[in-house]
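Asker: What follows is a protein structure lacking sequence information:
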């Protein structure tokens, strides 16, 4: 479409094509050669910032010049999450078709607030979430909603739990009341910090979060949970939610959801399962036993953007009764009223965010391009590689395992017999490897021990990448 | 990178190139012919959902087949936000270079939680937010953070305000306490529903939100605010935040921020300005007078994804003292501890979301490609077009204006002298035009009158598009 005023309008179509092709080539090339880059960016803090003008550009630039800066300025400051040797935190698993999904989503720029502003996004979301539900072997009645991150998914789940307690908090709030008992949320000592942030945000406060002890496998002890709840109830407190984790961030330990569900049922407490990382593994038949009890949950969060080959962000919250979420958050002002309200699903009714990106498209691409089999094969291979690495650790006199490996994360440390301060040694080893750019490992503390974490999850990871890390580690201890 | 097992790994690079080019062409073609589509999708609820298999695909498909479905299944179910005749809600302003930004962001898949996991994202965010701050003429001390949506930005601002009240809410929460007075948040009757959702989420409850009366121009009356606060203080309540809006959703009215700032200063109340829509207009010199008083705010939210040619999502929260946000939300578990914590900015410290997309890149592209001048020219043109349309309304005996036009939204209605029920007439006119697919208008209620809203904001909108709407409207009343 030509603009009358050449100064106005968008980039001409021929330029969009030319630069678009160039970017596709750039990304293809980037993916092909990604393992030649240092995993962690090697720049010093401030390097990129200092390269930029202090004031905004006054006139427009040729986009070709902007693109040149991708190599010159941006790339050196990128930590390569898609590098097959990115083993820190949890690895990311983006795929090419996921990138395609984001291209379309950005071009459409739909905001999936109302069905009518985004039928495609609203309905495709229902389709892919039902497919994923079936793949994860969750019950029929579970219905999902897509958010950006697990932190936001979990916050919404706990907000719905807070409302179920029937204390008129949506209307009256919690301040200026003397009739409101202390509300409690329970999780294990190994819970993700997003739960802490959720109780802070929701006005429950950090004291509302009771962290339950774990056993030697870092799994929540159900008896300790039951005792804590009994004690709280005796004190007049109101338990509103229990958040067990399948695949904790520190060690991917698995809380016993089935036993915890017994306790929740007895007291009528909302059971929210945090499977942000490991949820994707529920599609693998031989791993489904780890998810026993999830079918009894009120809600469960899983992040396809972590381990289901989908670019960030796409977090899914499944609820047994999605209407509870709607009751907690729905609110329709005049300017958003439509004639079709009663017959359609409007995404905005299920959370704090009004506009919602067309995230379902990338997951639809991923599911169709890889198929259920292809997704299972890839996750299964990641688990095989992690267990292979664990077997090397176990066979070595210089290293030891520090946690079981239910999924694709290995927790271990160097323990050569001639070193006293193993914490210092392992921290040095990690920092040296990370500084080299050859691989990225992160750490945690397990039983007070500085623990190396090796996560396997890139779509590009192969045995040779783990062998490289193993060599680096062995060089470091000898 | 070749995979040993051909079943595993990502799409081959040659396929990525081939399909990538095809998608670039598809999008270029889509943008060129976008005004040939019906603005609102013409499909019936359930159409897309019913087209899909009930079970997930078992085996992977050729991606070429998936792409074919973009035309066959997705496109008919798309409401075209980028259509130049999308005048409902607030128009969207995505540009081609914004789409390019999202392509790179998806390929990198960085999570900007820690500086070290994303130096490029972390530092570029500071750069573009400082540029935007200068363009908006905000004081030096304002520092920003990027979130997904204004709803989330505002929720964080009110959370920080809640903490400033010094009532130990982060730690103790608000339940089980009898020492906590009722906390109050103030806004006008015309505030966006995101403020209501924020007080619900934060546990303050809807009763904590006191809505202040507006004058005949739909602007908050400062005297009414002062009286409400005095009354609340006398009752022992604690005012924590006032949220004036510059560019309300219903009518883009402008609350008198400067006068409101006087009241906030007197009581030490957090002043959060909602400029989600209109903030982009602050870069236009002759519109800056509408933002008088913002320099005295504690925080201000603006959405470049609304009117600064940046694809959804990218919302900016500026704070006078960003450390207040950090104190409200920072929480660093062992597995996220790094050696560089004290010297760098870690995005995760400023909010509930841990992972954060590389959103700054698209805004950097937009600012460099258009330059300050190009952005001003486009927003100025939108305002000119809206005022031109308003002049047609004013000159017509069959239509009347229902609100002033400070920015690029026209609130009006048909009022032919021979019709009694004007609400029914205008609702019918709107529904007929929307059903035709020729244009999309939305509505609100102003002084109890059903009001048509025409938003001008597409990067493709020209005078001819407004003339088309004007013709449709005139046909409808005669």
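Answerer: It's in. This is a predicted model, so every value here is computed, not measured.

Asker: Now do the strands in chain A.
Answerer: Using DSSP state E, the strands found in chain A span residues A:143-147, A:183-188, A:209-212, A:238-243, A:270-274, A:299-302, A:315-319, A:399-401, A:409-414, A:442-446, A:449-455.

Asker: hmm, who's touching the helix or strand of chain A with the lowest mean pLDDT?
Answerer: Lowest by mean pLDDT, DSSP states H and E among the helices and strands of chain A is helix A:322-329, with a mean of 94. For helix A:322-329, contacts defined as CB atoms under 8 Å, 6 or more residues apart in numbering or on different chains pick out A:143-145, A:156-157, A:159-160, A:162-164, A:170, A:298, A:317, A:319, A:349-352, B:197, B:200-201. In this view, the C-beta of every residue, glycine as well, is placed from N, C-alpha and C.

Asker: Near chain B, which residues of the stretch 251-400 of chain A are found?
Answerer: A:305, A:311-313, A:328-329, A:331-336, A:339-340, A:343-344, A:352-355, A:357, A:361, A:365, A:367-374, A:377-378, A:381 (CB under 8 Å from any CB of the partner chain).

Asker: go with 7 Å
Answerer: A:311-313, A:329, A:331, A:333-335, A:340, A:343-344, A:352-355, A:357, A:365, A:367-374, A:377-378, A:381 (CB under 7 Å from any CB of the partner chain).

Asker: are any of these buried, and which?
Answerer: Among those, those buried by neighbour count (16 or more other CB atoms under 10 Å in any protein chain shown) are A:311-313, A:329, A:333, A:335, A:344, A:352-355, A:357, A:365, A:367-372, A:374, A:377-378, A:381.

Asker: Just the ones in helices from those, please.
Answerer: Using DSSP state H, the subset of those located in helices is A:329, A:365, A:367-372, A:374, A:377-378, A:381.

Asker: would you turn those into TSV with distance to residue A:409?
Answerer: Listed next are these as TSV, based on distance: CB to CB, whole Å:
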residue	distance to residue A:409
A:329	34
A:365	27
A:367	24
A:368	29
A:369	26
A:370	22
A:371	26
A:372	23
A:374	22
A:377	19
A:378	16
A:381	15
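
Asker: Now flag whichever of those is closest to residue B:259.
Answerer: The shortest approach to residue B:259 among these belongs to residue A:329, at 33.2 Å (CB to CB).

Asker: how close does that closest one sit to residue A:277?
Answerer: 26 Å (CB to CB, to the nearest Å).

Asker: Now stretch A:31-44: buried residues?
Answerer: For stretch A:31-44, the neighbour count (16+ other CB under 10 Å) marks A:31, A:34-35, A:37-41, A:43 as buried.

Asker: Identify, from those residues, the entry nearest to residue B:415.
Answerer: Nearest to residue B:415, judged by CB to CB, of the buried residues of stretch A:31-44 is residue A:31 at 59.6 Å.

Asker: returning to what we had before: which parts of the least confident helix or strand of chain A are buried?
Answerer: By 16+ other CB under 10 Å, the buried positions in helix A:322-329 come out as A:322, A:324-326, A:328-329.

Asker: tally of neighbours for residue A:376?
Answerer: Residue A:376: 18 surrounding residues under other CB atoms under 10 Å in any protein chain shown.

Asker: what's near enough to touch it?
Answerer: A:283-284 (CB atoms under 7 Å, 6 or more residues apart in numbering or on different chains).

Asker: how close does it get to residue A:409?
Answerer: When residue A:376 is compared with residue A:409 (using CB to CB), they lie 19 Å apart.

Asker: Residue ranges in the stretch 301-450 of chain A under the pLDDT threshold?
Answerer: Applying pLDDT under 70 to the stretch 301-450 of chain A flags residues A:341.

Asker: Now do the contacts for residue A:165.
Answerer: Counting by CB under 7 Å, 6+ apart, residue A:165 has contacts A:183, A:238, A:240.

Asker: In those, which residue is surrounded by the most others?
Answerer: In terms of neighbours by other CB under 10 Å, these top out with residue A:183 at 29 neighbours.

Asker: distance of the residue in the stretch 251-400 of chain A that chain B sits nearest to from residue B:316?
Answerer: Going by CB to the nearest CB, chain B is nearest to residue A:371 of the stretch 251-400 of chain A, at 3.9 Å. Per CB to CB, residue A:371 is found 40 Å from residue B:316.

Asker: same deal with residue A:46?
Answerer: Counting by CB to CB - residue A:46 and residue B:316 are separated by 22 Å.

Asker: Could you count how many residues lie near the residue lying closest to residue A:432 once chain neighbours are set aside?
Answerer: Excluding the flanking residues, the one nearest residue A:432 by CB to CB, 6 or more residues apart in numbering or on different chains is residue A:476, at 6.3 Å. Residues lying near residue A:476 (other CB under 10 Å) number 17.
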